[in-house]
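Q: Got a sequence here, can you build the structure:
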Amino acid sequence: MENGKDINWTVVRDLFGGNMALFHSLSARLVREFGECALPAHVEPHDAAAVAEMKGRLHKLRGGAGMIGATRVHHLAEAAEAALATGQAAASVGPLLRDLAAALTALSAELALLAAAGTLDEAAGDSRTVD
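A: Alright, predicted model coming up:
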């Protein structure tokens, strides 16, 4: 099986070993919990409460994505969190959030295809790394 573009299987193999049931459980939870992030969000930098809430969600998404080897989602969430933390203008943060939404949608689709095909075990055994 060829690796998908959104999961780093070397990370998955290193973190989960042969426990693909745990990988599947955590990846499904990530998709359920952050499904709303698949819709582009807009946060005004002057709305402190909204910025704080979004930074918290991005931080949690970043950690969850890193845990399952979703490096693209991880890096985009990290960049968006940093942009909000430094008070960057909405014009700078917006494109990051749109890219993150697209990456999360692609990750969700890849995970759904893998789960439906029953190929998670085979994919994790592949040593190639793809971001």
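
Q: Read off the pLDDT value for residue 66.
A: Note on residue 66: pLDDT of 94.

Q: Can you tell me the SS state at the spatially closest residue to it that is not a sequence neighbour?
A: In space, and not counting its chain neighbours, residue 66 is closest to residue 74: 4.4 Å by CB to CB, 6 or more residues apart in numbering. In this view, the C-beta of every residue, glycine as well, is placed from N, C-alpha and C. Of the three states, residue 74 takes helix under DSSP: H, G, I helix; E, B strand; the rest coil.

Q: Roughly how far does residue 114 sit from residue 23?
A: Per CB to CB, to the nearest Å, residue 114 is found 10 Å from residue 23.

Q: who's more crowded, the two?
A: Neighbour totals were compared for residue 114 and residue 23, and residue 23 leads with 25 against 22 (other CB atoms under 10 Å).

Q: The more buried one contacts residue 13, correct?
A: No. If you go by CB atoms under 8 Å, residue 23 and residue 13 don't touch, sitting 9.5 Å apart.

Q: Determine the longest helix present in this protein.
A: Counting residues, the longest helix in the chain under DSSP state H turns out to be helix 90-117.

Q: And for the protein, the residue most distant from the center?
A: If you look at how far each residue of the chain sits from its centre, by CA atoms, centre = their mean, the farthest one is residue 46, at 26.2 Å.
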